[in-house]
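Undergrad: Build the 3D model from these lines:
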Amino acid sequence: MKHLFTLAAIAAAATVSAVELDTNLLANGDFESGNEFVNYKTGRANGLSVVPSPDFFSGEKSLKIVKEADKWIAIQARKPLPVIPGKTIVLKFWMKSAKGNTPASVTIDFFQPKQNNHLYKTFNFQLEPEWKEYSFEYAVPSDVEAHTGLKAGTCRLRLGLKNSPDAAEAYLDEVEFRLK
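TA: Next up is the predicted model:
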């Protein structure tokens with residue numbers, strides 16, 4: 001079966017060599033030298049701040065995410081991340097809530113203008129008041145005709161605190177996005 005790729009997909013795939021497949025493709029996922037995330041709705045830092053890390057075992061800084069009562073907040077990586085159809089995305093990160101359990105989600109979104117099917121994968125989970133590592137894998141389909149958004153060779157990464165009656169604060173650290 002012959003696959004047609006756009007120049008953007010070829011360029012994105014070329015930037016992820018076999019050697020780089022096992023490296024973190026998200027810069028500053030530890031928040032020590034910067035923040036690669038913005039508020040999904042506003043494109044700004046609303047509800048986000050890099051703060052001294054509350055008891056995390058690595059580094060000095062973490063990303064604090066604040067959600068109002070009866071609202072939700074999602075943060076998104078500033079730049080699209082490279083993907084290769086047929087490869088598996090491995091996503092790992094550490095999170096904790098400031099108090100109690102907090103409903104959260106992470107979404108890998110392959111949306112592209114003029115695509116035929118909107119491909120995305122959402123994982124729901126509960127944050128706990130202690131630091132915990134979360135790990136998710138998603139096998140990217142190889143059929144780019146069934147999901148033409150894959151031809152761009154990129155996706156967007158979003159993490160969020162879901163709508164709930166209570167205000168919530170969470171901390172995020174050591175975000176890793178890899179392909180295997």
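
Undergrad: give me the beta-bridge partners of the residue most central in space within the chain?
TA: By Cα atoms, centre = their mean, the chain has its centre lying nearest to residue 157, at 3.0 Å. Applying DSSP bridges to residue 157 gives these bridge partners: residue 108.

Undergrad: Ok, residue 169 next?
TA: In beta-bridge terms (that is, DSSP bridges), residue 169 pairs with residue 66.

Undergrad: rewinding a little: contacting residues for the residue nearest to the centre of the chain?
TA: 26, 76, 77, 81, 91, 106, 107, 108, 109, 177 (Cβ atoms under 8 Å, 6 or more residues apart in numbering). In short, each C-beta sits where N, CA and C put it, glycine included.

Undergrad: Model confidence score at the last one, please.
TA: Looking at residue 177, its pLDDT is 97.

Undergrad: how close does residue 141 get to residue 117?
TA: 10 Å (Cβ to Cβ, to the nearest Å).

Undergrad: Please apply the same query to residue 106.
TA: In this view, residue 106 and residue 117 are 21 Å apart by Cβ to Cβ.

Undergrad: more crowded one of these two?
TA: residue 106 (21 against 11; other Cβ atoms under 10 Å).

Undergrad: Just the buried residues of the helix or strand harbouring that one, please?
TA: Element membership for residue 106, per DSSP states H and E: strand 102-109. If you call a residue buried by 16 or more other Cβ atoms under 10 Å, then strand 102-109 has these buried ones: 102, 103, 104, 106, 107, 108, 109.
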